[in-house]
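J.: quick one, structure for this:
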Amino acid sequence: MGFFQNTAKPIGFGGKLMVKFMNIGHAKVAEWGFSHVNVSSSATVLDIGCGGGANVASWVKRCPQGHITGLDYSPVSVDASQKYNQKAIAENRCQIVEGDVSRLTFAENTFDAVSAFETVYFWPGLENCFQEVFRVLKKGGTFLIVNESDGTNPKQDKWINIIEGLKIYKESDLTKRLQKVGFSNIRAFHTDKHWLAILCEKTL
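T.: Okay, the predicted model is just below:
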């Protein structure tokens, strides 16, 4: 397995390095993505594909009276995120769990917001995963997707051949799939760097 395969599922020593790189390398796109979402300071939030834990920490700061759950299917990521957020975990302000986005173990209507930073590229059966997100969101809840690749830059296509299982989605494709499972009020944001953020709601 090549080193960059760790972007899909960090394992071993290379995975430990990758999650550290994720926290640093994804910081700017994450900050940009966060700028489009507004949730209550007491919100319950699920961050799927939490990687190295930096975005969980950002949610903890944004929701000082809330509770944040970070989820990842990589034990390496879970361990790294737990270490990164150990103070908040000790204060019962967040938890980091191992899990699969296609089979979330949370009850219906659990979270006020769900986020997915640089991760939907790897979600198996994307529509089913979106249905799971819809299920665990409360009515009126928000789903935020942030991708560094919006599918319109041919230079980014090289990663499809380097990283097994990677799929780069365009705004129109993601929007169609989100609408199909029930999301509404879908808004998309772009940059000249081909970043893409999509914000949608569960209004049913």
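J.: how much space separates the most centrally placed residue in the chain from residue 40?
T.: Central residue of the chain (CA atoms, centre = their mean): residue 116, 1.6 Å from the mean position. Distance, residue 116 to residue 40, using CB to CB, to the nearest Å: 20 Å. C-beta: built from backbone N, CA, C; applies to glycine.
J.: with residue 181 instead?
T.: From residue 181 to residue 40 the distance is 24 Å (CB to CB).
J.: settle it for me: which of these two has more neighbours?
T.: Shown here are residue 181 and residue 40; by other CB atoms under 10 Å, residue 181 has more neighbours (17 against 13).
J.: can you name the next helix or strand after the lowest-mean-pLDDT helix or strand in the chain?
T.: The helix or strand of the chain with the poorest confidence is helix 158-162; it has a mean of 62 (mean pLDDT, DSSP states H and E). Moving toward the C-terminus from helix 158-162, the next helix or strand (DSSP states H and E) is helix 171-181.
J.: tell me the mean pLDDT over that next one?
T.: Helix 171-181 shows a mean pLDDT of 97 in the predicted model.
J.: check stretch 58-68 too.
T.: pLDDT averaged over stretch 58-68 gives 98.
J.: which residues touch it?
T.: 30-31, 34, 39-47, 56, 85, 88, 92-95, 112, 115 (CB atoms under 8 Å, 6 or more residues apart in numbering).
J.: among these, name the buried ones.
T.: Using 16 or more other CB atoms under 10 Å as the burial test, these include 30, 34, 39, 43-47, 56, 85, 88, 93-94, 112, 115 as buried.
J.: tell me which of those fall in strands.
T.: 44-47, 94, 112, 115 (DSSP state E).
J.: which parts of this protein are helices?
T.: Taking DSSP state H as the criterion, the chain carries its helices at 12-25, 27-34, 54-62, 75-84, 86-90, 126-136, 158-162, 171-181.
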